[in-house]
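Engineer: Could you work out the structure for the sequence below:
(2 chains)
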Amino acid sequence: MAAITLNVIVQGLLTGLVYGLMALGLSVIFGVMRVVNFAHGELTVVAMYAAFILFEILHLDPLIALLPVAAVFFGVGYLLQRTLISPFIGRAEHEQFILLVGLATVIVNGLLMIFGPDARPINLSYSFDSYAVGGIFIDKVRVLAAIAAVAVAAALFLFFRYTRTGTAIRACADNLTGAAVVGLNVKQLYAVTFGIGLACVGAAGTLMATIADASPSLAQAYTLLAFTIVIVGGLGSMVGALIGGVLIGVSEALAGFYVQPSMKSMFSFALLIIVLVLRPQGLMGRRL
Amino acid sequence: MPTDYHGFSRRQLLAGTAAGTAFLAMPSIIRAQTQSLKIAVVLPQSGYLAQAGQSCHRGALVSSSVLADFGHKVELMHIDMESNPDVARTQTERAINEGAQCVVGAFDSAGTLAIAQVCEQRQVPLIVNIGAAPQLTEQGYKFLVRNFPTGGMLVSNGLKQIKTLIEATKVAPKTAVFLHANDNFGMAQRHGMDKVFPTAGMPFKLLDSIPYDPKAQDLSVEVTKIRGLNPDLLLVVTRAADAIKLVRDIVRQKFQPMGIISPGAPGLYDEEFYKALGPLADYHVDAIPWANPKSKVTQALQAAYKKQQPSYRFAVECFNVGFTFDALLIAADAFKRAGTATGPELMQALKATNLTDHAMIGPPIKFDEKGQNVDIPSSCVQNRAQTPTVVLPADVATMTPVLPEPPWQGRT
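Structural biologist: Below you'll find the predicted structure:
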C-alpha cells in the first residue's frame, strides 16, 4: 500500500510540475502587466496542436519541438500585446475580461473547425514506457516532461534575475512610474513580458501534449486549472506558480486514489477555497 | 357564303372547366401524396461527445437515400446540441417552430431527457436512437419511444454474453473491477450493474466499482487504484477518448488483466481508439448490440455508407449508424402507416410499430406500454486487427473469441 501511495504522489508531482509551468506564464503576465489572460488554457491547447502537427509532419519529438514552439509563441505574444492587448491596459477589468474571453472563444472554435473534436495523441516510441523503481511505475513521458518543465522555469528565473531586460521587467512590475521616469520603454517591455508569458504557455503545451491528447475540450479546464494554481501559489509569484502546480497535482492524485477518482477536481477547488480564506494573497504572494 | 360557327355548349364549357381545374390542382394532389416527414435529428456534433455524435450524424446523412430506396420520404433537419442539454432543449424548440414533425436523438441521455420534455409539451414524437438512462421511459412520457436498451438491459445482456464468452474460452477469472464514466450514461450502467450483478450468477466476484471524470486528461490514478486491487478482469464503461487514456495508462503501469471487457459501452471499438493504440487496441471485447450483417437493410445501408462516406469504415461505425438509421426508419414507417404527421396520430402509429426488417441484430422492433423496445440482444464484439469482429453468438460470429488477451509487450 505504501508503494502504491508513493506511486500516486510521484505521478502527481511530475504532472504538477508541468501544470506549474503552464501557470507560470499566467503569473508572469499578471505580475508585470496586471492583465489576466482568460485565454490561457486555449493558448495551451494551441501549443499542444502545434506539437502534434510538428510530430505528424516532421516526426519531431515534443521535447525538441518545445524550443521552436516557444519561440513562435513568444512572437505571437509580442504581436498580440502590441496590437490587441495594449489598448486595454489601464481600462476597466471587465473590458479586458470580455476581450480575452472573446479571444478564447474564437480560438476554441477555430480549433474545432480545423481539427474537429477527436483527441489527437502523439504516439512516441516511448509513450508506453515506464521506469520500475521497487514497486513503483513512473511514466517515462512524465519524467521527461517534468525535467523539461523545471529546466524552462529555471531558465526563466535566471533571465529575470541576471539579464538587463529581466531586471527592467521587474522594475516595471515593482514601480511602473519609476520605471518610466528612468527611461525604460514600458510598452516594449510589456510586449516582451507578454511574449515571455506565452512562450511559457507554448513550452507547457508542448510538454502537455506528451501526457494528454490534444483536444479543444481541454481548453476551459486548463484555463480554470491555471487560475486555481496561480491563486493558490500567489498571483504574480513565479515560485508560487510552481509550488501551486505541484500542490494541485499531488492533491488531485491523492484525492482521486483515497476518496474517488471522479472527485479529483473537487479537492483542488477545496484547497483553493482554504487558501483564499486563510491566505488570500496565495502561499507565496505578497499581502494584498 | 356559309358560316362555320364553332361555339361551346354549356356542357362543353362545364367539362372544360372541370378538366382545367383538375389539371391545375394536379401538382398539389401529387404533393400531398408525396409529402415527406420532417424530422429533426438532434445530436452532439461538437463538445466532448462530438466523436460519437458525428458518427451518428454520418449515419443520418446516409439514411435519407436508403430510406428513399425503401419507399420512405423524409426531410432531415440536422441539429447540433453541442453536448449540452440546455442547447438540446432550445435547439429542439427552434426546430419544432420551424416545422419539425418528429425528433430523433440524441445519443446523450442528459440531452435526450431535455428534448423529451420539449417534445412532450409540444406533442411531437421523439424517437430515441441512442440513450440508456432508464428515466427516459420510466417518467411516463407519452410522446417518446426508445429503440435502444436501458442501462440495466445493456448490463444484463452484456453479462450474459460475458458468461458465454468465459465458457467458450474456458478461462477462470475470479475477480473483476468495474470502471465507469461519472456521467448519465456511466451512472445508468452502474445502477444496472449494482442491480443485476448480484443475481447474474457470474463466475467472478466484483471487487469495486470506480467512477472517473470523463473530462479527466489522464486515468493514471484510476489505473493505480485498479492495479492495487489486481482483478482478473476489467469491466469498463468508457468513450473513445477515455478508453485510449485507460489502455495507455494500463500498459505504462504494466498491469495485465485477463481481459478488458465492456458490458455495453462505446469506446473500445471507435476508429479514434484504433488509430491511437494500434495493436494495443486488439483483443478487448464489447458485449453490445450490433448491426446484423445478414439483414438486407443493413447491407443496403452499408453499401450507401461506403459510397457516401468513403473515409469512414462501416464496420467500425455500424453501432451508431445502425441505431440512428433504425430510429429514422421507425419514424418513416409510422408516418407511412399513419398517413399523417400530426403528433398524436403519428405517436399512435409509433406505439403500434412492428418492424421486421431493420439494421440491428434482433427480432421485430416493437414497443411496450412505456415506449421501450425490450428485445434488443447483445453480442460479443472483439477487436481483431483493429476491426470490431463478432465472435459470439456463434451463429453470427465470423471469428472465435480469444481470452486471456495476449501480453502487451509482444504487441508493440
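
Engineer: Please make it C-alpha for all contacts and neighbour counts, starting now.
Structural biologist: Noted.

Engineer: which parts of chain A sit against chain B?
Structural biologist: A:1, A:4, A:7-8, A:11, A:112, A:117-121, A:123, A:128-130, A:137-139, A:211-213, A:217-218, A:253, A:256-257, A:260-263 (CA under 8 Å from any CA of the partner chain).

Engineer: Check chain A for its longest helix and report it.
Structural biologist: The residue-count maximum for a helix in chain A (DSSP state H) belongs to helix A:2-33.

Engineer: From the contact counts, what lies against the helix or strand following it?
Structural biologist: Sequence-wise, the next helix or strand downstream of helix A:2-33 (DSSP states H and E) is helix A:40-58. On a contact count with 3 or more CA pairs under 8 Å, 6 or more residues apart in numbering or on different chains; DSSP states H and E, helix A:40-58 meets helix A:62-80, helix A:93-115, helix A:186-211, helix A:218-233.

Engineer: Tell me which other helices or strands the longest one touches.
Structural biologist: The one in question is helix A:186-211. Using 3+ CA pairs under 8 Å, 6+ apart, the elements in contact with helix A:186-211 are helix A:2-33, helix A:40-58, helix A:62-80, helix A:140-162, helix A:164-174, helix A:176-181.

Engineer: Now the fifth one: buried residues?
Structural biologist: If I follow you right, that is helix A:164-174. By 16 or more other CA atoms under 10 Å in any protein chain shown, the buried positions in helix A:164-174 come out as A:165-166, A:168-173.

Engineer: Against residue B:157, how distant is residue B:371?
Structural biologist: For residue B:371, the distance to residue B:157 equals 19 Å [CA to CA, to the nearest Å].

Engineer: Ok, residue B:232 next?
Structural biologist: 21 Å.

Engineer: quick one: which of the two has more around it?
Structural biologist: Under the criterion of other CA atoms under 10 Å in any protein chain shown, the comparison of residue B:232 against residue B:157 puts residue B:157 first, with 23 against 20.

Engineer: Wasn't that one part of a strand?
Structural biologist: No: going by DSSP: H, G, I helix; E, B strand; the rest coil, the assignment for residue B:157 is helix, not a strand.

Engineer: where in chain A is pLDDT low?
Structural biologist: For chain A, the stretches with pLDDT under 70 are A:286-288.

Engineer: hmm, 50 instead?
Structural biologist: A:288 (pLDDT under 50).

Engineer: from it, which residue is nearest to chain B?
Structural biologist: residue A:262 (4.3 Å; CA to the nearest CA).

Engineer: That residue is in contact with residue B:215, isn't it?
Structural biologist: No: counting by CA atoms under 8 Å, residue A:262 stays clear of residue B:215, with 9.5 Å between them.

Engineer: For residue B:364, give me phi and psi.
Structural biologist: Dihedral pair for residue B:364: phi -50, psi 140, per degrees, to the nearest 10.

Engineer: Same question for the one 10 residues further on.
Structural biologist: Main-chain dihedrals, residue B:374, degrees, to the nearest 10: phi -90, psi 0.

Engineer: tally of neighbours for it?
Structural biologist: The burial count for residue B:374: 16, using other CA under 10 Å.

Engineer: Now do the same contact list for it.
Structural biologist: Residues in contact with residue B:374, defined by CA atoms under 8 Å, 6 or more residues apart in numbering or on different chains, are B:149, B:153, B:367-368.

Engineer: Can you tell me the SS state at residue B:127?
Structural biologist: strand.

Engineer: My guess is it contacts residue B:331. True?
Structural biologist: Yes: counting by CA under 8 Å, residue B:127 touches residue B:331, with 7.4 Å between them.

Engineer: intersection of neighbour lists for those two?
Structural biologist: What both residue B:127 and residue B:331 touch, as defined by CA under 8 Å, 6+ apart, is the set residue B:102.

Engineer: returning to that earlier point: confirm that the residue of chain A closest to chain B sits in a helix.
Structural biologist: Yes: counting by three-state DSSP, residue A:262 is part of a helix.

Engineer: From residue A:250, how far off is it?
Structural biologist: 15 Å.

Engineer: related to what we said a few turns ago, reformat the contacts of residue B:374 as TSV; add neighbour count, pLDDT and distance to residue B:163.
Structural biologist: Output for the contacts of residue B:374, formatted as TSV (neighbours: other CA atoms under 10 Å in any protein chain shown; pLDDT from 0 to 100; distance: CA to CA, whole Å):
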residue	neighbour count	pLDDT	distance to residue B:163
B:149	26	94	19
B:153	24	89	15
B:367	19	97	28
B:368	13	96	28
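
Engineer: closest to chain A among those?
Structural biologist: Nearest member of the contacts of residue B:374 to chain A, counting by CA to the nearest CA, is residue B:153, at 24.8 Å.

Engineer: Chain B - how does it break down into domains?
Structural biologist: Domain assignment for chain B by automatic domain parsing gives B:37-149+B:293-351, B:152-288+B:379-411.

Engineer: ok, back up a step: buried ones among the residues of chain A next to chain B?
Structural biologist: Buried among the residues of chain A next to chain B by 16+ other CA under 10 Å: A:4, A:7-8, A:11, A:112, A:117-121, A:123, A:128-130, A:137-139, A:211-213, A:217-218, A:253, A:256-257, A:260-263.

Engineer: could you dump the helices and strands packed on helix A:186-211 to CSV with distance to residue B:324?
Structural biologist: Formatted as CSV, these follow (distance: least, CA to CA, whole Å):
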stretch, distance to residue B:324
helix A:2-33, 40
helix A:40-58, 32
helix A:62-80, 40
helix A:140-162, 40
helix A:164-174, 58
helix A:176-181, 62
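
Engineer: looking at the ones you listed, which is buried most?
Structural biologist: Highest mean neighbour count among the helices and strands packed on helix A:186-211 (mean count of other CA atoms under 10 Å in any protein chain shown): helix A:2-33, with a mean of 25.

Engineer: Quick one: list the elements packing against that one.
Structural biologist: strand A:136-139, helix A:140-162, helix A:164-174, helix A:186-211, helix A:218-233, helix A:238-258, helix B:220-229.

Engineer: of all these, which lies closest to residue A:66?
Structural biologist: helix A:186-211 (5.3 Å; CA to CA).

Engineer: For that closest one, list every residue counted as buried.
Structural biologist: Quick answer for helix A:186-211 (16+ other CA under 10 Å): A:186, A:189-211.

Engineer: How about the contacts made by the residue nearest to residue A:192 when sequence neighbours are not counted?
Structural biologist: Among residues not flanking residue A:192 along the chain, residue A:78 sits closest, at 5.8 Å (CA to CA, 6 or more residues apart in numbering or on different chains). Contacts for residue A:78 (CA under 8 Å, 6+ apart) come out as A:191-195.

Engineer: show me the contacts for residue 72.
Structural biologist: As the question left the chain open, I've gone with chain A. Listed by CA under 8 Å, 6+ apart, the contact partners of residue A:72 are residue A:199.

Engineer: that's the wrong chain, I meant chain B
Structural biologist: Contacts of residue B:72 (CA under 8 Å, 6+ apart): B:36, B:332-333, B:336.

Engineer: Adding distance to chain A, pLDDT and secondary structure, write these out as CSV.
Structural biologist: Formatted as CSV, the contacts of residue B:72 follow (distance: CA to the nearest CA, whole Å; pLDDT from 0 to 100; DSSP: H, G, I helix; E, B strand; the rest coil):
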residue, distance to chain A, pLDDT, secondary structure
B:36, 32, 91, coil
B:332, 31, 97, helix
B:333, 33, 97, helix
B:336, 37, 95, helix
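
Engineer: Throw those into JSON lines and include neighbour count, thanks.
Structural biologist: Shown next, in JSON lines, are these (neighbours: other CA atoms under 10 Å in any protein chain shown):
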{"residue": "B:36", "neighbour count": "18"}
{"residue": "B:332", "neighbour count": "25"}
{"residue": "B:333", "neighbour count": "21"}
{"residue": "B:336", "neighbour count": "18"}
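
Engineer: In those, find the pair that's most separated.
Structural biologist: B:36 and B:333 (11.6 Å).

Engineer: Would you mark the buried spots in the helix or strand harbouring residue B:145?
Structural biologist: Per DSSP H and E, residue B:145 falls inside strand B:144-146. Using 16+ other CA under 10 Å as the test for burial, strand B:144-146 gives B:144-146.

Engineer: All good on my end, thank you.
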